[in-house]
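My questions are about this predicted structure, shown below with the sequence.
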Amino acid sequence: MVIEFINPSELGDSSKYGYTQIVVVPSGSNLVYIAGQTGADENGNYGNFNEQLQQAFINLDKALKVIGATREDVVKITILSVDHNQDKLGLISAKRKSFWSNHKPASTLIPVPRLASDEMLFEIDAVAVVGNS
């Protein structure tokens with residue numbers, strides 16, 4: 001099975017921001033939905049926005065490992081950013097690009113006023129394809 005990553009010129013080149021406009025997953029693939037991963041470390045501690053951004057991606061890696069998947073198996077992410085601004089967008093874009101380098105899943109970024117608790121500033125969920133050959 002081949003997963004297609006498409007950035008049509010009519011929609012603009014989103015790859016420079018670390019994501020793809022359209023991802024086509026073949027029928028018969030096993031989709032796995034990973035709940036929102038926050039910036040809490042293993043002890044439940046939160047840091048500033050950038051620290052939470054980094055930790056949330058570490059936590060996403062851990063979740064992928066549990067299901068036997070890798071970063072390259074991720075086809076879609078949704079990002080929630082508290083009190084979003086241009087500086088945070090720059091940090092998020094840089095992290096997306098470094099986390100996936102050549103692989104760029106589809107992505108939605110939603111600015112929000114608050115997450116589940118006051119100390120939470122960043123959250124990312126994912127859809128991955130496992131058992132893809």
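Nice, I can see it. Numbering: from 1, shown residues only.

all contacts plus neighbour counts: C-alpha atoms, from now on.
OK.

Buried residues, the host helix or strand of Ile110. List them.
Here Ile110, judged by DSSP states H and E, is contained in strand 106-112. Residues 106-107 are the ones in strand 106-112 that count as buried (16 or more other C-alpha atoms under 10 Å).

Contacts for it next, please.
19-23, 75-84 (C-alpha atoms under 8 Å, 6 or more residues apart in numbering).

same check, this time on stretch 61-79
With C-alpha under 8 Å, 6+ apart as the test, stretch 61-79 has contacts from 23, 34, 99-100, 103-110, 122-130.

Can you list the buried residues in that stretch?
61, 63-64, 69-71, 73-77, 79.

And the buried ones among the contacts of stretch 61-79, selectable in PyMOL?
The following PyMOL line selects those of these that are buried, judged by 16+ other C-alpha under 10 Å:
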select buried, resi 23+34+99+103+104+105+106+107+122+123+124+125+126+127+128+129+130
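
Please flag which of the contacts of stretch 61-79 sit within helices.
99-100 (DSSP state H).

quick one on the thing from earlier: could you redo the buried residues of stretch 61-79 as TSV and give each row secondary structure, pLDDT and distance to Asn50?
Shown next, in TSV, are these (DSSP: H, G, I helix; E, B strand; the rest coil; pLDDT from 0 to 100; distance: C-alpha to C-alpha, whole Å):
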residue	secondary structure	pLDDT	distance to Asn50
Asp61	helix	96	17
Ala63	helix	94	20
Leu64	helix	94	21
Ala69	coil	92	25
Thr70	coil	94	23
Arg71	helix	95	20
Asp73	helix	94	25
Val74	strand	96	22
Val75	strand	95	24
Lys76	strand	97	22
Ile77	strand	97	18
Ile79	strand	98	14
